[in-house]
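# Show me the folded form of this:
(one chain, ligands or ions: 1)
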Amino acid sequence: MSAVRTAAAAAAVANAFAALRSHKDRVEAQSMRQMFAADPQRFQRLSLSADGMLLDYSKNRIDTAAVVALLDLARAADVEGRRAMMFAGDKINVTENRAVLHIALRAQPGESYKVDGHDVVPDVHAVLDAMSAFSDKVRSGAIAGKGGKFTDVVNIGIGGSDLGPAMVTRALSPYHDGPRAHFVSNVDGAHIHDTLKDLDPATTMFLVASKTFTTVETMTNAGTARQWIVEALGEEAVGDHFAAMSTALDKVNAFGIASDRTFGFWDWVGGRYSVWSAIGLPVMLAVGPENFRAFLAGAHAMDLHFRDAPLDRNLPVLLGMVGVWNRNVLGFPAKAVLPYDQRLLRFAAYLQQQDMESNGKRVMLDGSPVTQPTGPLVWGEPGTNGQHAFYQLLHQGTDPIPADFIVGARAHEKDDVHQHLLLANCLAQTEALMKGRTTEEARAELIAEGKPPTEADRLAPHKTFPGNRPTNTILYQLLDPFTLGRLIALYEHQVFVQGTIWGIDSFDQWGVELGKQLAKELLPMIEGKESADKRDASTAGLVAAIAALRA
Ligand SMILES: O=P(O)(O)OC[C@H]1O[C@](O)(CO)[C@@H](O)[C@@H]1O
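Below you'll find the predicted structure:
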């Protein structure tokens, strides 16, 4: 089967899109408020629970007939066939000629995933076992620094080599009983300097995380860290105080990190899909191998659900297709991700790379321009903080922004006061976004508060909420390692589903290259070693202004 769409397949997708669009006017003729009033079974019809994770998509401008048309589109775009290709290790990342097998990273012993005929699962488990042994020794102090047991671990990486482990480590803080974890990503020297300021080199371990081991931010920060160790403890301490995670083992070796401190992975793991690989080592050091394996098991459970559940009972498929409806039929260009969980503070940042680096594409697999708008702008912040910042725009701004609300029924903390309030706020927001408040209702409330009718008339438009604003709610019991694994894998697969509908390569990232190339050219100009005269007038003017300000 070819990864690239044939003319017949493209026509089938175009027809399915046309059929889908025919539902728009009917659906839009009613508000969600009216739809809920007309159908007491709406929640049952438009929500889905699988293994304790509930997706409520009933608060979308959608109905069952539109969902059927969405699933027809999923079939026309061959989501099932492409899913099978991914699971079979086919090279569906066509521009890099690579398989896409992050699912193999969470495979259980005895399962088999093949790349070019080679079963990669034993390789995955060999690295996982080596990571576990290393983590156990670091956590117990059997592997120690010059000053004894490691108290702090600093992960140096960027993009997928930072966002995943940083987000997961924070999300799993109730399970954190290992050394303190720090994450340095930005090439801005402030990041590493502020991080190292309070650390003791004698008890600090650095993990250099880079798939390619060439990324300039990471290599620069690793060099600074190396110098910090050498200055404090001498050159011979480097071996004890560094470990690395990479696919480029030769480059790690050249940096001076021994092979028994190097944890490898493979080119079929995309950077933004790598938290399950050796890149997850800082997570494992923090929460221990057992919890890390529970995290993998959660993702694996979602993989099996995605692979086996029929499309209409499939969480990633439904989440993805509702997103397609909002993006391509209703035309919303953005999507907010709003976890009602403070420990998911970095979840939106993580998803930004996950979704936007994957589906921020403008050509299809064969290089022709896309026929539909692709990935939305993804952004967000935990509730309830966001409520006191940008929700004003969500409720009364001119552009509706679909949002995913994510919440656990239970908290790790014993005190229910906070969790009850958190849950009430989460539900209140989705209800308010759906129902809104009419001008008549606003006016009646003002009168009931004792405002004179003229004052009520004046204020009512400001207190009117249009409502009819789409949200999904994702509900689970508790954010434990298993559930977090499921949640992340849910989003990975929804990105896959949408990328399949749009016919794009969700697994390359050429869009980040041009800036990298130009930065390399501009560096000698910033350093004053080359003239910037040949650049465009703005860039040349800025280089000159920087030089003047630095003089
Ligand atoms: O792990 P590496 O090779 O240092 O790359 C870091 C990040 O850079 C990118 O290639 C984008 O610049 C991401 O896809 C990747 O996660």
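
# And the strands in the stretch 201-350 of the chain, which stretches?
For the stretch 201-350 of the chain, applying DSSP state E, counting those that start in this stretch gives strands covering 204-209, 242-246, 262-264, 334-340.

# Quick one: the helices in the stretch 151-300 of the chain, in order.
Ranges of helices in the stretch 151-300 of the chain, per DSSP state H, counting those that start in this stretch, are 163-171, 189-196, 216-233, 238-241, 249-255, 281-287, 289-308.

# Can you say which of those helices is packed in most?
Sort the helices of the stretch 151-300 of the chain by mean neighbour count, taking mean count of other CB atoms under 10 Å, and helix 281-287 sits at the top with a mean of 28. In this view, the C-beta of every residue, glycine as well, is placed from N, C-alpha and C.

# contacts for it?
Outside helix 281-287, the residues within contact range by CB atoms under 8 Å, 6 or more residues apart in numbering are 131-132, 134-135, 138-139, 153, 155, 165, 168-169, 172, 175-179, 181, 183, 207, 209, 243, 245, 263, 275, 292, 295, 481.

# cool, and stretch 489-496?
Residues contacting stretch 489-496 (CB under 8 Å, 6+ apart): 53, 82-83, 86, 102, 106, 273, 298-300, 302-303, 306, 315-317, 319-320, 323, 351, 354-355, 358-359, 474, 506.

# Let's see that with 6 Å instead.
If you take CB atoms under 6 Å, 6 or more residues apart in numbering as the criterion, stretch 489-496 is touched by Ala299, Met302, Phe306, Leu315, Pro316, Leu319, Gly320, Asp355, Ser358, Asn359, Ser506.

# who touches the closest residue to Ser246 other than its chain neighbours in this structure?
Using CB to CB, 6 or more residues apart in numbering and skipping the chain neighbours, the partner closest in space to Ser246 is Phe213 (4.6 Å). Applying CB under 6 Å, 6+ apart, we find Phe213 in contact with Ser246, Ala248, Lys251, Val252.

# Flag the shaky bits of the stretch 301-450 of the chain, pLDDT-wise.
Within the stretch 301-450 of the chain, no range satisfies pLDDT under 70.

# so which helix or strand takes in the residue most central in space within the chain?
Centroid check for the chain by CA atoms, centre = their mean gives Leu351 as the closest residue, at 2.1 Å. Using DSSP states H and E, Leu351 maps to helix 347-351.

# Please see if that helix touches the ligand.
No. In terms of CB under 6 Å from any ligand atom, no part of helix 347-351 sits within range of the ligand; the closest distance is 11.2 Å.

# tell me what that helix is packed against?
The contact analysis (3 or more CB pairs under 6 Å, 6 or more residues apart in numbering; DSSP states H and E) places helix 347-351 against helix 163-171, strand 334-340.

# List of residues touching the shortest one?
Applying CB under 6 Å, 6+ apart, the external contacts of strand 334-340 come out as 347-348, 351, 376-378, 380, 382-383, 386, 401-407, 422, 426.

# For ChimeraX, write the selection for the buried entries among these.
Buried members of the contacts of strand 334-340 can be picked out in ChimeraX with the line below, counting by 16 or more other CB atoms under 10 Å:
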select :347,348,351,376,378,380,382,383,386,401,402,403,404,405,406,407,422,426
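
# In helices, which of the contacts of strand 334-340 appear?
Phe347, Ala348, Leu351, Leu422, Cys426 (DSSP state H).
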